[in-house]
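> need a 3D model of the following:
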Amino acid sequence: VADMTAPVVGSSGGVYALVSAHLANIVMNWSGMKCQFKLLRMAVALICMSMEFGRAVWLRFHPSAYPPCPHPSFVAHLGGVAVGITLGVVVLRNYEQRLQDQSLWWIFVAMYTVFVLFAVFWNIFAYTLLDLKLPPPP
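Residues are numbered from 1 along each chain as shown. Purely as a prediction, here's the structure:
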């Protein structure tokens, strides 16, 4: 959606969605978790995600060793984080259900729905509106 001229390859968006959903679950159930390494788990996940995201950005904008091949997009990482956080709060179980959590649940359902609808309509209409051409296959 955001980087339409670059191909999206691999499973990084899905991996980032899973890790972000796990982080959302940790934050949501922080007080109810008996694990003593919560902070360490979050720190390791965030450090690994940040390093891989930085590598993906570098690969996108660094000159290619193979000039005819387009650079892969890094935006799938960001989309995976957005989907992981929103669906992590919606789908995963919260140990302490409160009224404010219910309103937060509806907010995240609405955010996810807006993300999906925007992506669908953007992919339908953006190429003609912006007069973009898909990159040729390598």
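> lowest-pLDDT helix or strand in the protein?
When the helices and strands of the chain are scored by mean pLDDT, DSSP states H and E, helix 99-130 comes last with a mean of 80.
> give the buried residues for it.
108, 111-112, 115 (16 or more other Cβ atoms under 10 Å). For every residue, glycine as well, the C-beta is placed using N, CA and C.
> for those, which one is nearest residue 52?
residue 115 (21.6 Å; Cβ to Cβ).
> contacts only, for the closest one.
The contact partners of residue 115, taken as Cβ atoms under 8 Å, 6 or more residues apart in numbering, are 82-83, 86.
> take those residues and keep only those in helices.
82-83, 86 (DSSP state H).
> highest neighbour count among those residues?
Counting neighbours by other Cβ atoms under 10 Å, the top entry in these is residue 86, with 24 neighbours.
> could you look up the SS state of residue 50?
Following DSSP: H, G, I helix; E, B strand; the rest coil, the label given to residue 50 is helix.
> for residue 117, see how far away it is.
In this view, residue 50 and residue 117 are 29 Å apart by Cβ to Cβ, to the nearest Å.
> swap in residue 19?
25 Å.
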